[in-house]
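Engineer: model this:
(chains A and B)
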Amino acid sequence: MTLFSRLHRAIVFVLFVSLLGACAGSNGTAITPEGINDPNEAANRRVHEFNRSLDRALIRPAGVGYTNFVPDGIEDGITNFALNLEEPKNMVNSLLQGNLRGAGLSLFSFVTNSTLGFGGFIDATRELDIPENDTDFGETLYVWGVGEGNYIELPLLGPSTERATVGLVVDLFTNPLNAVLDDRSRFFYLTPAGLATGLSARGRFTDTIDSILYESADSYAQARLIYLQNRRFRLGDSESSTEIDPFELDTEGF
Amino acid sequence: MKRRHFLAMTGASALIPALPAFALTEASATKLVNSLVADVNKVISSGKSEKAMFSDFARIFARYSDTSYISAYAMGADGRTASKAQKRAFSEAFQGYIARKYGRRFREFEGGRLEVKSVRQVKNWYEVDTTAFLRGEAPFTVTFHVSNRTGRDLFFNMFIEGINLLLTERAEVGALIDRNGGNIDGMIRDLKASG
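Structural biologist: Numbers count the residues shown, from 1 in each chain, chains lettered A, B, ... in the order given. Predicted coordinates for the structure are as follows:
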């Protein structure tokens, strides 16, 4: 067994155990006023503390160092390379969602960026103003009518939902690139590019991420609320008109 | 008074509070967002120190947003037990906190722009969708909610990629109140020191 398939199995194992833990712990529902379903809050908070110390000790310094040290052009190139390799997964999921336009966009991006974009290092389709099509099996499940499930904070990966976590596991197995690439090339190209992309994001958005993790009064609750709102927005599962009427709030004295 | 007249009168008076809403139009809501964006851009490109920028942002926030609504919303249910002085102190501390927290974030807007994409009416307010184009980032959606509750067109909420500013800040204020064991003055003190 190569190192890559070991890593692959380790990730699947962690996700699987997290999900089992989440399911086993979910007796009844605990819905907060913000519409958050988090019956395993105590366990999730422990994972959050673990993630926070991991970030402080390792991920934040590595991400900030990576962004500062690597020239922007190379950093962007590596991120583009990794994102281009996501396109086959985007295409498959778009097809599963019955989204032919999205599947076409992903196919077009993958072919264009892999050729004109020198193997994906240049995001040629962004230069051409072609819209991005970023999706995953979690979204496919949403389209198929599967509920969001409980909120769950995953070790290393951070905020998620049960539905999104199942999607993550399925995407690991169904990525068409798995059939094309052997273990060796996956280990030497895919994994480092994916890690570098994560570090790049941590480094680039360091102000925003720091303000959530280290400057808010309850970083767990902030991360949970922000993740869920953004995830639901991206799935098209949010409705602004449910907001309370500005004319009905008592603002006397403020 | 005849019953019919009474009904007509109550009917008419029921309309009065709704009247100013007709003054808010798609065009005026868009205009508000455009001039807000222009003012923010002016501050960013002014090259002033961060501290000077924060007070500029605080002024912009006071001028373009419905600060009393935003403060009342952010304090949530705890606002009901707060005294008049506490409400006023909170409102002031909260505005400073927002200017510092989001002012720092505005630096990322340098060299970028916001474009109004669409406006639509939701109940008695308007939703203005804009697209933010930032250097080296994929475009993303910033939405403003505009009402004329106060008689002037003001924005009362903002969303960045679906993240509701008011909801997020109310959770933060709630956490600060919890951390202070329910003490509102303690929360206001913490708020002044953060962001």
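
Engineer: quick one, what contacts the residue in chain B that chain A sits nearest to?
Structural biologist: Using C-beta to the nearest C-beta, the single residue of chain B nearest to chain A is B:Gly162, 2.1 Å away. For every residue, glycine as well, the C-beta is placed using N, CA and C. Contacts for B:Gly162 (C-beta atoms under 8 Å, 6 or more residues apart in numbering or on different chains) come out as A:229-230, A:232-234, A:238, B:141.

Engineer: can you pick the most crowded of those?
Structural biologist: Highest neighbour count within those, by other C-beta atoms under 10 Å in any protein chain shown: A:Gln229, with 22 neighbours.

Engineer: picking up where we left off before, state the pLDDT value of the residue of chain B closest to chain A.
Structural biologist: Note for B:Gly162: predicted pLDDT of 92.

Engineer: and if you look at B:Phe106?
Structural biologist: The model's pLDDT for B:Phe106 equals 74.

Engineer: kindly report the same for B:Lys42.
Structural biologist: On the pLDDT scale, B:Lys42 gets 87.

Engineer: touching chain A at all, whatever helix or strand B:Glu127 lives in?
Structural biologist: Assessed by DSSP states H and E, B:Glu127 sits inside strand B:125-133. Yes: Strand B:125-133 lies within reach of chain A by C-beta under 8 Å from any C-beta of the partner chain, at B:125, B:127.

Engineer: and after that strand, which helix or strand comes next?
Structural biologist: Strand B:125-133 is succeeded, C-terminally, by strand B:140-147 (DSSP H and E).

Engineer: between that next one and strand B:125-133, how many degrees?
Structural biologist: Computed with axes from the mean of the first three to the mean of the last three C-alpha atoms, to 10 degrees, the direction of strand B:140-147 lies at 160 degrees from that of strand B:125-133.

Engineer: any idea how far the residue of chain B closest to chain A lies from A:Asn37?
Structural biologist: 18 Å (C-beta to C-beta, to the nearest Å).

Engineer: in the chain, which spans are helices?
Structural biologist: No chain was given, so I picked chain A. Taking DSSP state H to define them, one finds helices in chain A at A:3-25, A:41-54, A:60-69, A:72-84, A:87-96, A:100-115, A:124-127, A:137-143, A:162-174, A:177-180, A:183-185, A:191-204, A:206-213, A:219-235.

Engineer: think we crossed wires, I meant chain B
Structural biologist: B:3-15, B:26-44, B:50-64, B:67-75, B:84-106, B:165-179, B:184-193.

Engineer: check which helices and strands the fifth one sits against.
Structural biologist: In terms of contacts (3 or more C-beta pairs under 8 Å, 6 or more residues apart in numbering or on different chains; DSSP states H and E), helix B:84-106 is packed against helix A:206-213, helix B:26-44, helix B:50-64, helix B:67-75, helix B:165-179, helix B:184-193.

Engineer: contacts only, for the residue nearest the centre of chain B.
Structural biologist: Centroid-nearest residue in chain B, with C-alpha atoms, centre = their mean: B:Phe156, separated by 3.6 Å. Residues counted as contacts of B:Phe156 (C-beta under 8 Å, 6+ apart) are A:246, B:65-66, B:69-70, B:125, B:145-147, B:149, B:166.

Engineer: ok, these vs A:Ser53, which is closest?
Structural biologist: B:Leu166 (31.1 Å; C-beta to C-beta).

Engineer: coming back round to it: the closest residue to the residue of chain B closest to chain A other than its chain neighbours and B:Asp56, how far apart?
Structural biologist: Among residues not flanking B:Gly162 along the chain, A:Phe233 sits closest, at 2.1 Å (C-beta to C-beta, 6 or more residues apart in numbering or on different chains). Distance of A:Phe233 to B:Asp56, computed by C-beta to C-beta: 30 Å.

Engineer: what of A:Thr161?
Structural biologist: 40 Å.

Engineer: repeat that for A:Asp250.
Structural biologist: From A:Asp250 to B:Asp56 the distance is 31 Å (C-beta to C-beta).

Engineer: do the same with A:Ser106
Structural biologist: Distance from A:Ser106 to B:Asp56, by C-beta to C-beta: 43 Å.

Engineer: and those two? which has more neighbours close in?
Structural biologist: A:Ser106 (26 against 19).
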